[in-house]
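Participant: take a look and give me a structure for this.
(chains A, B and C)
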Amino acid sequence: MARPLELHPDRLFPADPTTRDIARALYAEIADQPIVSPHGHTDPVWFADNAAWTDATSLLLAPDHYLYRMLYSQGIALDDLAIPRLSGVPATDPRAAWALFAQNYTLFRGTPSRMWLDHVFADVFGFDVALEASTADLYFDTITQKLATPEFRPRALFERFRIDFLATTEGAHDDLAAHARIRESGWQGRVVTTYRPDGVIDVEHEAFGPAMARFAELTGEDVYSWTGYLAAHRKRRAAFRAAGATATDHGHPTAATANLSAVEAEALFAKVTRGDWTPADAELFRAQMLTEMAAMSVEDGMVMQIHPGSSRNHNAGLFATHGRDKGADIPTRTDYVHALQPLLDRFGTSTTLSIILFTLDESTYARELAPLAGHYPCLKLGPSWWFHDSPEGMRRFREQTTETAGFYNTVGFNDDTRAFLSIPARHDVARRVDCGFLARLVAEHRIADWEAAELAYDLTTGLVRRAYRIDEKTVG
Amino acid sequence: MARPLELHPDRLFPADPTTRDIARALYAEIADQPIVSPHGHTDPVWFADNAAWTDATSLLLAPDHYLYRMLYSQGIALDDLAIPRLSGVPATDPRAAWALFAQNYTLFRGTPSRMWLDHVFADVFGFDVALEASTADLYFDTITQKLATPEFRPRALFERFRIDFLATTEGAHDDLAAHARIRESGWQGRVVTTYRPDGVIDVEHEAFGPAMARFAELTGEDVYSWTGYLAAHRKRRAAFRAAGATATDHGHPTAATANLSAVEAEALFAKVTRGDWTPADAELFRAQMLTEMAAMSVEDGMVMQIHPGSSRNHNAGLFATHGRDKGADIPTRTDYVHALQPLLDRFGTSTTLSIILFTLDESTYARELAPLAGHYPCLKLGPSWWFHDSPEGMRRFREQTTETAGFYNTVGFNDDTRAFLSIPARHDVARRVDCGFLARLVAEHRIADWEAAELAYDLTTGLVRRAYRIDEKTVG
Amino acid sequence: MARPLELHPDRLFPADPTTRDIARALYAEIADQPIVSPHGHTDPVWFADNAAWTDATSLLLAPDHYLYRMLYSQGIALDDLAIPRLSGVPATDPRAAWALFAQNYTLFRGTPSRMWLDHVFADVFGFDVALEASTADLYFDTITQKLATPEFRPRALFERFRIDFLATTEGAHDDLAAHARIRESGWQGRVVTTYRPDGVIDVEHEAFGPAMARFAELTGEDVYSWTGYLAAHRKRRAAFRAAGATATDHGHPTAATANLSAVEAEALFAKVTRGDWTPADAELFRAQMLTEMAAMSVEDGMVMQIHPGSSRNHNAGLFATHGRDKGADIPTRTDYVHALQPLLDRFGTSTTLSIILFTLDESTYARELAPLAGHYPCLKLGPSWWFHDSPEGMRRFREQTTETAGFYNTVGFNDDTRAFLSIPARHDVARRVDCGFLARLVAEHRIADWEAAELAYDLTTGLVRRAYRIDEKTVG
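Facilitator: A predicted model of the protein is given here:
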């Protein structure tokens, strides 16, 4: 007998009955708000082509490093989970990979992945039995069948999920063809891009050379001269804005910024593009480029997102066989106070610039980030991110930032995911946790119930629209 | 219709009914204890002259960087809030500034400022409607009228607030004239000073030169010789003790201490006073001076307070137009284990020296500060400070220090404020949060109810009197 | 009238009635599980000789630096507590020392020491009045009398405590004679050793020279050559395995590892054993030896434990008079991401190697340790350690690691103690706190009740047996 699968209506609300009642009432008012997803990694090709996905393994397991890293951590071989190697996809039966996952689903107890998946299983696919060894085939077959139906095509799900706004992320050297096809198709779903220029900024990235070549081709600029390089960024930013982008994104190893003179910046650019740079040069160039991007944001109004602090590809052995983004990125200590100083020396008093700061180092919430955002007009705090996109992570974020930065220097929720089917689950978790936090403030008579209701709305859709300037832009 | 303003009698107590009952009972026993305020920044001139304050903006808003930094962070210009520039006070109507504040009072939801202000509005001024755009004028007028009455003069409020002991903070180069006038006036309020020599220790401070000149003048010592400089400190410490001081205070960028030989210290002093110092020299001199101050405390019994870890004047643009203390001080990571080693190598086993450590880096609570205070006889932990002087901050302080340092290596509450009218509110928040924490320990059967009652008393007035040696000193 | 001493059956469970009911039910199922203690510091001589302990002071107070550091922190002289100096045991009456402790027992309110001791007093000795000044003699006399009875001999208590497995810790240069006597005695208690080679690895330890001499003597190897030194480690590891060891333990100041070539390693070894090393050489040698120990673990299957991050002997004055391990070890910031990289570059993809990581720096839980353990097959997370072996510490551990690493990358509880009588109390605290944490997840509908029951069992005995490979080894 398989165990039942149920999503309890009170899940994630605090257990205390008074607080739970308040949380439930707050949630009821905002549960049906549309989804505004200003930062994520879904593939625009899905919405451009609207082709059917094929099976559970290739849709849900193989692309999701949150899942297979946990299985890998317990000694399960990635080949057995059908995870692609650099040399190609292993010849693993997708059904067998799924069964192995199902068998080990207990590993996810207490993790957000488990909550998101159960939500997908119950709400998106309608399962009423839990995933386990005995139901692996039922799951695999049912999912395969449903994915073949029109109701499970990307656009149909987008509409069913009531997504109001969905931002994808593309490199500066991406031609945005999928986004163009979406717009040309006449479909009304609002899928926009985000300008992520890391590929042409990070000279330590193994594909920097080809990215620059493509950057040159797309812009017609001499991207190997400092002037041409900056002009190319301006052209591409304009092209991204035309494809609906309201924001840029920067995933640097640290939050370092620099404020070099034009002459120094040009000399540094020459050095790093010549290829005779040290790691310190590469870091300084990334740092200077954050400030250059801020300068362009002051001009064109794009919101900057800074996502620092991940030590990428930590597992050298795995990187050699499987490449990047395989669950081996590990956060490190991150400094913001000194790192952001050069950029802030230049733009700190701007009221038009808007920079959203993220962190993987929670020790900075109360110590650095909340005081910075609670002072500088140009700084806002992004939601708890990646490993911290979780009930406990969200709770710590609110507990450690609200008293200094308030709610209004935060920007609502980001799902930051390529797992499209889990987007409603992820937003639902955030809404529930925020309502639980607000309910505690009400139960402790720290805010009034009507204030909590206003805040619940703002945390769900009000702040995100304002922070990402979504109402100030329309697509095309 | 304006919203009502009420201070709920159970505010800040945990929502669970069992725990709340315990908290309420503990609080009832200590709620009426007098206020002992051993560290703060009120102006002694208020109590010396006992002149009336004039209006809400100049009393409550313009001097309080906790408030205007939040408004500034949302793009509101400081000029519109009547915040003084270096070039003078802007010609902003105080009533208009107050209205702007009232309109944006929602920004403070969930912050301690909001709780403190509501307490001031309800308890000190008797408002029963909340501050909002529609009540801005009512507030402004009522406050202006009340401030003109004798009941709202500084001394009357001091007595109404039932303040038993209030320490202000003066620089080593302050003549303590206001304190002298207080004593000479025959008024019985116990307002004492605290020796804060940073101005004549921090050679990086822009006013170091004039401070030294005044230091020389007040002491008659050759403060430009190492011997004379130390003698001047001794003289001023004696003068401060005569004005009731029981403590010194040191607000350095880091917690670094040094233990140089007399010859090295003298050479360093010569270098920094000659003006040909590097930032490292300035830091080493501050470090050495903490150890010198500890040596003098061993002699004269003054309690040392160390308040490290703030990166001052982070916003260069704002510093240029508005100067220091404008809400742009941002905490940084702080090390204590290595930083305090030199001082502790010299005085670590002393049982007469007492140093109270504060932090803006909460990651040090459990890792460094509690283990240090739970071992060294000369070290105690100051309460959660500045950005962490808040319900969540206090809760984290207790949760992260108590198990290692116990309660008896802590020193009760500091309000650390220049916002005189909020002093009762601040102490009330601390008492409520401590009672809530103790109530949880009782509800979880970790301590007995009678122990919690003893602790509630100790955390309120017992520990602070002992730690600041208040009963060992009388004024004059 | 002395206060009563009672251990409340619901102690440490959350106060919310729903959550408490769940916690109580979970705990009821695992409360009687035997104790598996894979890491600790009890003296094997106790179990070899089975001699009676003599009195409360020498058994409970004098060896326990958790206790006397707190008394010392409040200005009580160690001599008055009968704590040995390097020059000998002070001539303090054990009864007087005990009375001083009893008088100051209030200092421990809110600390784990208090809970553990009360458990020992009530459960092991049967007291029903609390320890305080008025009961000091009653306690001292009763304990002395009971210790003289057969029921209080070490082996009898071992059996009464229902200990299934107890690991002690011995240096590489220990002859394991006590363990041999235990095995030869025919007693069935499973007391095994753990290989702790720090003494022959840390060239900065004051006894490195004698330890190496003894290491040579025990192995017959030329331990002053790199080859002989490594061979000696292999021999001793085999001897430890023969004495039941399943694990090694490494208590380095940092988590640094190195991956030198054989030639570099040999040159470094020559330098440090010649004695002309710098602190950096000493650190690099410790770092390289962690990697060498990992290589041997890949060969022989011993589980590695890494316990980094303590700044030992911080109090120079106390170290001079009293030596090491006197409560003056203070945690420092610890990096894992960069520190472990060299070792992981070599063995990161191994599925046979198992390394259990501990920390004294809680800021690394969510940021570094959970992501590392949630990815690498060879890494697991040890329980909250030392200062963090406490209810709040355990709660933070679960809250900050579970969402990323899950439960199954953790290894159950370690008591890590030399205070033998407190072992049941310590395991009981861990079980209660874990059940409380699981109960919250159930009450918030994040896991099902039957899952929590499985997890409660796994956290109590399932994971520890697997992680320490206890079922893969038998003694002898």
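Participant: residues in contact with A:D49?
Facilitator: When contacts are counted by CB atoms under 8 Å, 6 or more residues apart in numbering or on different chains, A:D49 touches A:178, A:181. Heads up, the C-betas are built off the backbone N, CA and C, glycines and all.
Participant: tell me the spacing between it and A:P154.
Facilitator: According to CB to CB, to the nearest Å, A:D49 and A:P154 sit 8 Å apart.
Participant: which residues does A:T410 bridge with?
Facilitator: For A:T410, the beta-bridge assignment (DSSP bridges) gives partners A:L381.
Participant: against A:D458, how distant is it?
Facilitator: Relative to A:D458, and taking CB to CB, A:T410 is found at 9 Å.
Participant: so those two - more neighbours on which side?
Facilitator: Legend: neighbour count by other CB atoms under 10 Å in any protein chain shown for A:T410 and A:D458, higher for A:T410 (24 against 21).
Participant: nearest residue to the closest residue to chain B within the stretch 51-200 of chain A in space, please, no chain neighbours.
Facilitator: Closest to chain B within the stretch 51-200 of chain A is A:G110: 21.1 Å, counting by CB to the nearest CB. Using CB to CB, 6 or more residues apart in numbering or on different chains and skipping the chain neighbours, the partner closest in space to A:G110 is C:T402 (4.4 Å).
Participant: report how many residues lie close to the one you found.
Facilitator: 24.
Participant: tell me what the helix or strand hosting it is packed against?
Facilitator: Using DSSP states H and E, C:T402 sits within helix C:391-405. With contacts taken as 3 or more CB pairs under 8 Å, 6 or more residues apart in numbering or on different chains; DSSP states H and E, helix C:391-405 sits against helix A:391-405, helix B:391-405, helix C:370-373, helix C:423-443.
Participant: right, so these: which one is the most enclosed?
Facilitator: Each of the helices and strands packed on helix C:391-405 was scored by mean neighbour count; the highest is helix C:370-373, a mean of 28, by mean count of other CB atoms under 10 Å in any protein chain shown.
Participant: which secondary structure elements does it contact?
Facilitator: Applying 3+ CB pairs under 8 Å, 6+ apart, one finds that helix C:370-373 contacts strand A:330-331, strand C:379-381, helix C:391-405.
Participant: is chain B contacted by the first one?
Facilitator: In other words, strand A:330-331. No - judged by CB under 8 Å from any CB of the partner chain, strand A:330-331 stays clear of chain B, getting no closer than 14.4 Å.
Participant: ok, the helix or strand just after that strand near chain B or not?
Facilitator: Next along the chain after strand A:330-331, taking DSSP H and E as the criterion, comes helix A:341-347. Yes - under the criterion of CB under 8 Å from any CB, chain B is reached by helix A:341-347 at A:341, A:344-345.
Participant: who's in contact with A:T417?
Facilitator: For A:T417, counting by CB under 8 Å, 6+ apart, the contacting residues are A:40-42, A:423, A:426.
Participant: between those, which sits nearest chain C?
Facilitator: Of all the contacts of A:T417, chain C sits closest to A:R426, with 13.5 Å by CB to the nearest CB.
Participant: any idea how far that closest one lies from chain B?
Facilitator: In this view, A:R426 and chain B are 24 Å apart by CB to the nearest CB, to the nearest Å.
Participant: where neighbours are concerned, which of the residues of helix A:341-347 next to chain B has the most?
Facilitator: A:L344 leads the residues of helix A:341-347 next to chain B on contacts (other CB under 10 Å) with 28 neighbours.
Participant: all strands of chain A, in order?
Facilitator: Assigned by DSSP state E, the strands in chain A fall at A:35-37, A:163-167, A:170-171, A:191-192, A:195-196, A:247-250, A:303-306, A:310-311, A:330-331, A:355-357, A:379-381.
Participant: the residue nearest to A:G110 against A:P112, yeah?
Facilitator: No - the criterion here is CB atoms under 8 Å, and C:T402 misses it with A:P112 at 10.2 Å.
Participant: returning to that earlier point: which residues do A:D49 and A:P154 both contact?
Facilitator: Counting by CB under 8 Å, 6+ apart, nothing touches both A:D49 and A:P154.
Participant: helices or strands next to the worst-scoring helix or strand of chain A on mean pLDDT in the packing?
Facilitator: Across the helices and strands of chain A, mean pLDDT, DSSP states H and E gives its lowest value to strand A:310-311, namely a mean of 93. Secondary-structure packing of strand A:310-311 (3+ CB pairs under 8 Å, 6+ apart): strand A:330-331.
Participant: what sits against the spatially most central residue of chain A?
Facilitator: By CA atoms, centre = their mean, chain A has its centre lying nearest to A:D416, at 1.9 Å. Each residue near A:D416 by CB under 8 Å, 6+ apart is listed here: A:39-41, A:385-386, A:389.
Participant: what does the pLDDT read for it?
Facilitator: With respect to pLDDT, A:D416 has a value of 97.
Participant: ok so, going back, of the residues of helix A:341-347 next to chain B, which is the nearest to chain B?
Facilitator: A:D345 (4.8 Å).
Participant: what's the burial count for A:T106?
Facilitator: When neighbours are counted by other CB under 10 Å, A:T106 comes out with 18.
Participant: how far away is A:P154 from A:A48?
Facilitator: From A:P154 to A:A48 the distance is 9 Å (CB to CB).
Participant: can I get the strands of chain A in a markdown table including distance to C:G393?
Facilitator: A markdown table is the format used below for the strands of chain A (distance: least, CB to CB, whole Å):
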| stretch | distance to C:G393 |
| --- | --- |
| strand A:35-37 | 37 |
| strand A:163-167 | 40 |
| strand A:170-171 | 44 |
| strand A:191-192 | 45 |
| strand A:195-196 | 40 |
| strand A:247-250 | 36 |
| strand A:303-306 | 33 |
| strand A:310-311 | 26 |
| strand A:330-331 | 21 |
| strand A:355-357 | 30 |
| strand A:379-381 | 28 |
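Participant: need these in CSV with mean neighbour count, can you?
Facilitator: Output for the strands of chain A, formatted as CSV (neighbours: other CB atoms under 10 Å in any protein chain shown):
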stretch, mean neighbour count
strand A:35-37, 24
strand A:163-167, 21
strand A:170-171, 20
strand A:191-192, 26
strand A:195-196, 27
strand A:247-250, 24
strand A:303-306, 24
strand A:310-311, 20
strand A:330-331, 28
strand A:355-357, 25
strand A:379-381, 24
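Participant: A:L441 - nearest residue in space that isn't next to it in sequence?
Facilitator: Closest to A:L441 by CB to CB, 6+ apart is A:I447, at 4.7 Å.
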